[in-house]
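1. sequence unknown, structure follows:
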């Protein structure tokens, strides 16, 4: 999507087998492009969340393998790259999907053919992701249009959590793709943006994206969505996901479950937007999804802009108090109104998923 | 309760008819005691939230009247004090109750008897509040003891939201009183402290209180409680309240409703601790409770300590994005396991409240 009128993807190739990303840890305060020169750079970018969002992580991991092959196309180096990149973020299933794709594309080849093939496959993974997100956007658009038809020109009120916009993918986004399409089509939409503590991806990234594209929105604390739903001020919720179990249980950013409960309690439709790569067919239910526990510093400290425009980290809690910081929670399928995928909309159940992906039955 | 082994109340008398408070706007970053020398000092402390929490506000207002009488015990000065103090936080129920009590105690007396009587009544109001909170603590303690009996020495895991501790009252607190009593009695307890955005009363005040008194706890984001409950890591939740309607619906800090939903979904007991003064018998249901909308800056900016130890405010959201900031939400009575009051524990319903307060029927 656009920033200041210029189109960007979240990851792209530069000259001489180097890859560029937008450093998402600096948004919205600073806009900085980082050059990934080695596999270790790519792994570090994923680990430190310079890139985040399941599809964007997958694309970066794919390029990480390509960078490894450019440096050393041997079997040991390939194995090392797959292992190192695979260990960066335990909850993201796209990461492992992308690494498996890269392994399949690269490992049968003679070493001197591997680098070129790896870059080619990484490029394809990115282009495929853009097409998938565009399709998700079109299927979700139909849902927004149906709500808009009943609102007589009043804005469709949509709540989202974390960032499942174009910054979380290669372009378009998952949860935000339908919103961008509706807005571009002239349908009045307004987005309630959960700030999404601890890392504030909503306040920082989703608000940044929506603002840059001109979509009306308000940032709210993660605490506020329940009240808004009770007051009838939310027409639908759309979120992304990091991993979906084959029964339709949804792992997503911590706090998603609370919003799904509130949506259910107030009969607000709650949709989860995802590409097929986010479905983990090997898991029978959400309880099997590993939940990443992250640093307590993410809770105890907050980064922001001072009045002088510099970026500063401040400690918010009582000095001696420890924190606990689980990164994700699991929303049971019973609370999800439907999945929006690149193949269409379906109910959150094993049967629903198989209807769209019969090749998995 | 204790700070570094020394006992404090939130407000106390010093020599020569002066009053001391802890400046709660500086916690947890700085611990500073402020001397209130005049009625205007007391009014300012309430207005600027150096003291907050309904019972603590009431006690400060009572001493404000006493300070006014010490300076000038005439009728005009008394009337001026009652009006000035009454205008500081117009929505605080206890403030008006305390001023009415002071007026009744002071106005019938000859001027030269008023100062002494006013200090005496202010002292009584504080002591009565401590006794009410102690009773709440004892009734809540029985609930914690019953859970502890099934845990075989493992810590009872208690989640709380916002600050309903001793800093919000004169001593003990409401929601935290049972926790302090359990801890002091040697029952193993551990508290999950919701940070409570936007003003972070959990991370700043509740964590400070618990840490200073030695109660084990972890700060968590407001998003994390649902996961913890799903994982069986919360034995009970206790929160305070700003106003309870006569049907048992509970207004409390924004986000309380989401935790009550999660507790209900996971069969975790969800208790609300309150003194009888918080029940608004004139309201038939929660929908009638007005929800205060506060400044968007509370969402868009966060205050904390820099690494140099100074206190700094930083902007967290995308620069052009607006915010929306409702201060409270309403938790329907059906999600509340019980009320813990100074008269005992009862179910969250009109019948339950009348059982404890039959004089209201």
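-> Here it is on my side, so go on. As the structure is a prediction and not an experimental result, all values here were calculated from the model. Numbering: from 1, shown residues only, chains lettered A, B, ... in the order given.
2. can we go C-alpha only for contacts and neighbour counts from here?
-> Noted.
3. all helices for the stretch 201-350 of chain A, in order.
-> A:201, A:207-213, A:225-230, A:256-265, A:297-300, A:350-356 (DSSP state H, counting those that start in this stretch).
4. And for the stretch 1-150 of chain A?
-> Taking DSSP H, counting those that start in this stretch as the criterion, the stretch 1-150 of chain A carries its helices at A:39-47, A:54-71, A:75-86, A:93-106, A:111-148.
5. is any part of stretch A:294-310 close to chain B?
-> Yes - counting by CA under 8 Å from any CA of the partner chain, chain B is contacted by stretch A:294-310 at A:299, A:300, A:302, A:303, A:304, A:305, A:306, A:307.
6. returning to what we had before: would you turn the helices of the stretch 201-350 of chain A into CSV with mean neighbour count?
-> Below are those laid out as CSV (neighbours: other CA atoms under 10 Å in any protein chain shown):
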stretch, mean neighbour count
helix A:201, 26
helix A:207-213, 22
helix A:225-230, 24
helix A:256-265, 25
helix A:297-300, 20
helix A:350-356, 17
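7. show me what contacts the nearest residue to residue A:14 once chain neighbours are set aside?
-> Take residue A:14 and drop its neighbours on the chain: the residue closest to it by CA to CA, 6 or more residues apart in numbering or on different chains is residue A:20, 6.4 Å away. Going by CA atoms under 8 Å, 6 or more residues apart in numbering or on different chains, residue A:20 touches A:11, A:12, A:13, A:14, A:33, A:34, A:35, A:36.
8. One more: residue A:121?
-> A:62, A:102, A:105.
9. Name the residues of the stretch 101-250 of chain A found near chain B, please.
-> Residues of the stretch 101-250 of chain A lying close to chain B by CA under 8 Å from any CA are A:196-198, A:200, A:203-205, A:207-208, A:211, A:217-224, A:226-227.
10. switch to 7 Å and redo it
-> By the rule CA under 7 Å from any CA of the partner chain, the part of the stretch 101-250 of chain A lying against chain B is A:197-198, A:203-204, A:207-208, A:211, A:218-224, A:226-227.
11. out of the residues you listed, who's nearest residue A:319?
-> residue A:198 (17.4 Å; CA to CA).
12. quick one on the thing from earlier: tell me which of the helices of the stretch 201-350 of chain A lies nearest to residue A:96.
-> helix A:350-356 (20.2 Å).
13. Please list the outside residues in contact with the closest one.
-> For helix A:350-356, the surrounding residues in contact (CA atoms under 7 Å, 6 or more residues apart in numbering or on different chains) are A:246, A:247, A:248, A:343, A:346, A:360, A:361.
14. picking that back up, of the contacts of residue A:20, which is the nearest to residue B:184?
-> residue A:34 (53.8 Å).
15. Can you turn the buried part of the contacts of helix A:350-356 into a PyMOL selection?
-> The PyMOL command for the buried members of the contacts of helix A:350-356 (criterion: 16 or more other CA atoms under 10 Å in any protein chain shown) is given here:
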select buried, chain A and resi 246+247+248+343+346
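16. Sort out for me which of the contacts of helix A:350-356 are in strands.
-> residue A:346 (DSSP state E).
17. Any idea which of the contacts of helix A:350-356 the model trusts least?
-> For the contacts of helix A:350-356, the model is least confident at residue A:361; its pLDDT is 88.
18. how close does the nearest residue to it once chain neighbours are set aside sit to chain B?
-> In space, and not counting its chain neighbours, residue A:361 is closest to residue A:354: 6.3 Å by CA to CA, 6+ apart. Per CA to the nearest CA, to the nearest Å, residue A:354 is found 27 Å from chain B.
19. what's the answer for residue A:62, then?
-> 30 Å.
20. since we're on the closest residue to that residue other than its chain neighbours, how many residues are nearby?
-> Ranked by CA to CA, 6+ apart and with sequence neighbours excluded, the top spatial neighbour of residue A:62 is residue A:122, at 5.1 Å. Residue A:122 is flanked by 27 other residues according to other CA atoms under 10 Å in any protein chain shown.
21. Equivalent analysis for residue A:136, please.
-> Neighbours of residue A:136 using other CA under 10 Å come to 28.
22. Could you measure from it over to residue A:62?
-> Distance of residue A:136 to residue A:62, computed by CA to CA, to the nearest Å: 22 Å.
23. Next: residue A:140.
-> For residue A:140, the distance to residue A:62 - CA to CA - is 28 Å.
24. In terms of neighbours, single out the busier of the two.
-> Counted by other CA under 10 Å, residue A:140 and residue A:62 do not tie: residue A:62 has more neighbours, with 32 against 29.
25. what residues are up against the more buried one?
-> A:98, A:99, A:102, A:122.
26. Rebuild those as JSON lines, extending it with pLDDT.
-> Converted to JSON lines, the contacts of residue A:62 look like this (pLDDT from 0 to 100):
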{"residue": "A:98", "pLDDT": "96"}
{"residue": "A:99", "pLDDT": "97"}
{"residue": "A:102", "pLDDT": "98"}
{"residue": "A:122", "pLDDT": "98"}
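27. Now list the buried members of those.
-> Among the contacts of residue A:62, those classed as buried by 16+ other CA under 10 Å are A:98, A:99, A:102, A:122.
28. right, and the pair among those residues with maximum separation?
-> Top of the distance list for those (CA to CA): A:99 and A:122, 9.9 Å.
29. Now stretch A:42-60: buried residues?
-> For stretch A:42-60, using 16+ other CA under 10 Å, the buried residues are A:42-47, A:49-60.
30. what residues are up against the closest residue to chain B within the stretch 1-150 of chain A?
-> Closest approach between the stretch 1-150 of chain A and chain B, counting by CA to the nearest CA: residue A:28, at 5.1 Å. Applying CA under 7 Å, 6+ apart, we find residue A:28 in contact with A:204, A:205, A:208, B:317, B:318.
31. So it versus residue B:318, what's the distance?
-> 5 Å.
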